[in-house]
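> Here is a sequence with its predicted model. Questions after.
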Amino acid sequence: MPTPTTQNNKGGAGGRGGDNRSRGPRRPGGRPGRPERAKPEFAHKVVDVRRVTRVMAGGRRFSFSVVLVAGDKKGRVGVGIGKAGDTALAIDKAMNDAKKRMILVSRTEGHSIRHEVEAKFGSSQLILKPAKGKGLVAGSSVRTVLDLAGVKDISAKILSRSKNKLNNARAAIIALKKLRTV
């Protein structure tokens, strides 16, 4: 005797359950019913995250210090610092700080810089040179600053032995500021 076919309690033969009613407007390539997320105004990249410890009477207290570079890749860029007990909060604070410290970079039609420029911040020292057809040749946090500023055909050299990512990024910002005044 053939056994009767049983349906699972989710219903339907599709295996996904329920009826086939739509759950909202379907977007191409997206999930139904979920509103489109607004594209952020600035792209950002976390350059450095440090866990900072302070010793109290009851023991050690930990917090996080975040260095973040934000830019629109169209000539605006900023470096910010955020400190908080949680990395997500520290990133939000650093993003707000970077927005406050935004500068406008003077670029050529080819998205390069007009002339060679040097800058120093703390013990960090660097040179930026226009390099037509070479792309972005830079290292460390200087590369991140130049990329998020939208600068393309440029060569950067960090002259100091400093590995401090914050100071290198701030030296890059100072160098880019000098382009506006000259």
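Yep, that arrived.
> now the strands: where do they sit in this structure?
43-56, 59-71, 76-84, 103-104, 117-121, 124-130, 136-137, 154-158 (DSSP state E).
> In TSV, list these along with distance to Arg37.
C-betas here are computed from N, CA, C, even on glycine. Listed next are those as TSV, based on distance: least, C-beta to C-beta, whole Å:
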stretch	distance to Arg37
strand 43-56	15
strand 59-71	18
strand 76-84	22
strand 103-104	27
strand 117-121	36
strand 124-130	35
strand 136-137	29
strand 154-158	33
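> Any idea which of these gets closest to Lys93?
Nearest of those to Lys93, taken as C-beta to C-beta: strand 76-84 at 3.0 Å.
> buried set for that closest one?
Buried residues in strand 76-84, counted by 16 or more other C-beta atoms under 10 Å: Arg76, Val77, Gly78, Val79, Gly80, Ile81, Gly82, Ala84.
> do the same with stretch 156-174
Buried residues in stretch 156-174, counted by 16+ other C-beta under 10 Å: 156, 158, 160, 162, 164-174.
> what about it, average pLDDT?
Stretch 156-174 comes out with an average pLDDT of 94.
> Can you get me the centre-to-centre distance for stretch 85-99 and its chain?
Distance, stretch centre to chain centre, for stretch 85-99: 11 Å (C-alpha atoms, centre = their mean, to the nearest Å).
> ok, now stretch 34-53?
6 Å.
> first vs last residue of it, how far apart are they?
Using C-alpha to C-alpha, to the nearest Å, the end-to-end distance of stretch 34-53 comes out at 41 Å.
> nearest residue to Arg61 other than its sequence neighbours?
Arg54 (5.2 Å; C-beta to C-beta, 6 or more residues apart in numbering).
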